[in-house]
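[1] Pasting a predicted model and its sequence here:
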Amino acid sequence: MGDSLATNFRERALEQGPVDVTNPLVAWVRFWTQGWRFHGRASRTEFWWVIALELALVGAALAVVGAHGTGGRWELYVDPFGAIASPRVSFHLVDRGQGSWFGWGTGARDVWPDAWDLVLLVPVLVTIVPRWSLLVRRLHDRDHSGTWILLLVFTGPIGWLVVMGMVASRSRQRGARFDRGVFAGRRLPDVDEQQVSAKTTGVA
């Protein structure tokens, strides 16, 4: 029985394509094992389980850092890319010399991150690609190109609402066109169009 459950878990975690996820652990494992692919699809349940787990983990991390470290520098931020800890300050990450530095954040204060800041900063950086991949594959499952995420970059709150509406909507079968590879995406004809074509040519 145990071996059967383990095999089923492994198959669902590694299965290519959208999987209706009821186990949040499967969604979390898929977040990492599928998180480096930008073709294929992600189901609604897979997407929202990851968002829910991120909310729980980031919320807990913010509570710990707030109690023991520099929690005032961070806040919870949620958008279609996921739930992350967002800085309220500008962090210096790389010193370029002569007063020049590379960093992250848009706050008024410029600070160097301490050990508690790194507890929040490192996971944000490590999960950038898997979060991006998950959103692209969720859009694919809706039969939309991943380029729709540019709305989040160029249109602000409007793009947030549009993309959130897309990822919250049900799957479309025609999203399977994105399963073939990273550059796949040619729109397939509607079923009605195929039937009309078959009747016209006499081919079933």
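    The structure has been received and is ready for your questions. Numbers count the residues shown, from 1 in each chain.

[2] Spell out which residues sit in contact with residue 155, please.
    Neighbouring residues of residue 155 by Cβ atoms under 8 Å, 6 or more residues apart in numbering: residue 162. Glycine gets a C-beta too; all of them are placed from N, C-alpha and C.

[3] Could you rerun that using 10 Å?
    161-163 (Cβ atoms under 10 Å, 6 or more residues apart in numbering).

[4] Give me the buried subset of those residues.
    Buried subset of the contacts of residue 155 (neighbour count, 16 or more other Cβ atoms under 10 Å): residue 163.

[5] With respect to residue 16, which of the contacts of residue 155 is nearest?
    Nearest to residue 16 among the contacts of residue 155, counting by Cβ to Cβ, is residue 163 at 24.0 Å.

[6] Residue 157 versus the closest one, what's the distance?
    11 Å (Cβ to Cβ, to the nearest Å).

[7] from the contacts of residue 155, which ones fall inside helices?
    Applying DSSP state H to those, the entries found in helices are 161-163.

[8] and which of the residues you listed is nearest residue 42?
    residue 163 (14.0 Å).

[9] wouldn't that closest one be in contact with residue 135 here?
    Yes: contact status for residue 163 versus residue 135: in contact at 7.8 Å, counting by Cβ atoms under 10 Å.

[10] hey, what's in contact with both of those two?
    The contact lists of residue 163 and residue 135 share 79-81, 148-149, 152, where a contact means Cβ under 10 Å, 6+ apart.

[11] Identify the contacts common to residue 163 and residue 157.
    Residues touching both residue 163 and residue 157 (Cβ under 10 Å, 6+ apart) are residue 79.

[12] so what's the spatially most central residue of the chain up against?
    Central residue of the chain (Cα atoms, centre = their mean): residue 131, 3.0 Å from the mean position. Residue 131 makes contacts with 31, 35, 50-51, 54, 79-84, 124, as judged by Cβ under 10 Å, 6+ apart.

[13] swap the cut-off to 7 Å and go again
    Residue 131 sits next to 81-82 when contact means Cβ atoms under 7 Å, 6 or more residues apart in numbering.

[14] Show me what the lengthiest helix in the chain is in contact with.
    Longest helix of the chain, by residue count under DSSP H: helix 44-68. Taking contacts as Cβ under 7 Å, 6+ apart, the residues outside helix 44-68 that touch it are 19-21, 24, 27-28, 30-31, 71, 74, 76, 82-85, 116, 119-120, 134, 138, 167, 170-171.
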